[in-house]
Structure formats: C-alpha cells, structure tokens
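**Student:** would you be able to build a 3D model of this:
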Amino acid sequence: MSAVLELKVFAPKHFLDIKDFTYAELRELLVEAAQFKRNRGRSKKPLAGKTLALIFEKPSTRTRVSFEVAMRELGGEVIVLSPRDMQIGRGETIADTAQVLSRYVHGIMLRTDSAAKLHELAAHAGIPIINGLTERSHPCQIMADIFTLEEHRGPIAGQMVAWVGDGNNVAHSWIEAAARFAFPLRLACPAGYAPHPEVLAWAAAEGADVTVVRDPAEAVAGAACVVTDTWISMSDAQDEAAARLAAFAPYQVTAGLVARAAPDAIFMHCLPAHRGEEVSAEVIDGPASVVFDEAENRLHAQKAILAWALG
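**Tutor:** Purely as a prediction, here's the structure:
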C-alpha cells in the first residue's frame, strides 16, 4: 500500500494595503516594530538565508535604504532591480516576471507608479509582495507614521490627525488607517485635489471618522498631529506644476497654522520636503517636528513587516 504525501499550499503573506488587515494584525506589527527598535544590534536574525528583491520603478532614498538595512539587520540579503535591469523593461509580462522571481528570491518589494502592476505581481507570485509605494497608497509609510505618533503622543485611538494638502497616495493610506485604528482624520484639500472618491466611500462604509474640508484652519483645530506632503510628486506632469503651486499656496503648513492645533501637537512629513512650499522652515525645523524620527521608524516598521511576511 503506497503512502500518500499530502502537500499543503500556503498563500503568500502579501503586504499591499492597510485596509487588507485587521486592527489586531496591524497592532501586532507595531509591537514587533517597537521590539526591533529597542533591540537593534542585539536581535536575532530571523531572515538568515532569505533574499529580498527590491524593484524600483521610481527613485527613492528612504525606501531603498530602510529596506536594505532592515533586511540585512534581519540576517537576509537584497538584490536591487530597476526596469533597465529587467526584461520587464523590454516587454516581458508582469506575470512571467512574478513567476520567475518566485523561483529565485523569497520576497519582492515593489515601488511603482501603478497599483495595477502591484496587484498583478501579487496575483502571480508564489512569494510575499510588499507595497513600497504606488500612486494609490503608501502603507509602509503610514505604519511608520503611526509608530512615531504613538511614541510621542501615546495610543492613536481617538486622537485627531489633520492632513493638509494633496489628497494623494499617502493621504489614502492615512484614511485606511483611520478606519483600522479608530482615530478621527480631517483632511483639508483644494478643490480638485481631494482623495479618490472610492477611498472615501470605502472609509464611510467602514464607519471611519474621516472628514474632507477646504479650510486648513478648520482641519488642524485641536489636532494632535498635523501632516502634509509635497505638492508636486514625481508622477505629476511638470507642465502642471505652476497650477498646482497656485492651488496649494493657501495650504502651506506655517507656524500660525500649527498654533491652531493642540498645544503639544506634532508635525509629520514623509519627506523629501520643500521648505517654503508645503511647509515653512520654521515648522519642519522647529520643536513640533518629528520628521526624522518618522524617517528612522521606516526601518523598524519595515523590519516587522519583513519578519512577518518572510519569516
């Protein structure tokens, strides 16, 4: 009588968007991030023998360095790829690329201008895919942001967060986080630059306390945290720059605007920043600013994500 070998197929543990996870799952990642931060240099190497492919269709400083360092400190290795390094830049399909890389490496981080590419890669890969940024979301950044806010202000639940400026990919992930972590979020955006209606509709269906207003002063009133981002992103057409600068001029985060927030409010920006555009130098270089803590915490938040996905 022949023995029958039962094979169990496990779905890869992708990290694509905040909304894909429960509060408990996200909280566990933040707890792990805090442990990695406390034990930096003394922690074990849970990803020894693992290799992560970093695919960059858009340039990066913080995403590349933080993922490389995180993976190496966890005991793993990285290989960095751009479209010019790959056949995908010469017509190979994303599906074929996903299946090939799944035979070589243990996970892929993709930074791209297309959420559709990210989801197609995940659909065909047999290994974890991590969203390093798309035009629709930036979940790793928001995990670092929540980690940072809680370091300075305690548990985020119930604390008002104010977003001032473009209703972009980072704003979208903040909206998803508001639903999962139960904090009120007010976004002040110029006409024509509000978050995507589908994202707002999802938040409403989830019962999230998310409000979009036009007046920045209304958005920041009493807020525990004021957040902004660049007005002109890499994906924005340069011929639109003048129009965007004009539309966003009233939305600069100044000391006067921050003064309307809570007395101990913090200021966050995912960087790179343009002083004199979306934020004044007085604010970003002032005592309320935690932007470099925020940048550092990308490393620790991403360690937690990598250990969860690849471990």
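
**Student:** would you map the helices across the chain?
**Tutor:** 23-38, 62-73, 94-104, 115-124, 139-153, 169-181, 197-205, 216-220, 241-248, 255-258, 281-284, 291-310 (DSSP state H).

**Student:** figure out which of the ones you listed is closest to residue 50.
**Tutor:** helix 291-310 (5.3 Å; CB to CB). (Each C-beta comes from the backbone N, C-alpha and C, glycine too.)

**Student:** the closest one - what's its average pLDDT?
**Tutor:** What helix 291-310 shows for mean pLDDT is 98.

**Student:** buried residues in that helix?
**Tutor:** Buried residues in helix 291-310, defined by neighbour count with 16 or more other CB atoms under 10 Å: 291, 293-310.

**Student:** same check, this time on stretch 268-276
**Tutor:** 268, 269, 270, 271, 273.

**Student:** can you list contacts of that stretch?
**Tutor:** Contact with stretch 268-276 is made by 61-62, 138, 141, 145, 148-149, 170, 225-231, 278-279, 281, 284-285, 289-291, 294-295, as judged by CB atoms under 8 Å, 6 or more residues apart in numbering.

**Student:** now a ChimeraX select for only the buried ones of these.
**Tutor:** Buried members of the contacts of stretch 268-276, defined by 16+ other CB under 10 Å, are picked up in ChimeraX with:
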select :62,138,141,145,148,149,170,225,226,227,228,229,230,231,278,279,284,289,290,291,294,295
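
**Student:** surely residue 167 meets residue 196?
**Tutor:** Yes. Here residue 167 lies in contact with residue 196, judged by CB atoms under 8 Å, at a distance of 7.4 Å.

**Student:** name the residue in the two with the higher neighbour count.
**Tutor:** residue 167 (23 against 16; other CB atoms under 10 Å).

**Student:** residue 94 versus the closest residue to the more buried one other than its chain neighbours, what's the distance?
**Tutor:** Nearest residue to residue 167, sequence neighbours excluded (CB to CB, 6 or more residues apart in numbering): residue 195, at 3.6 Å. The gap separating residue 195 from residue 94 is 27 Å, by CB to CB, to the nearest Å.
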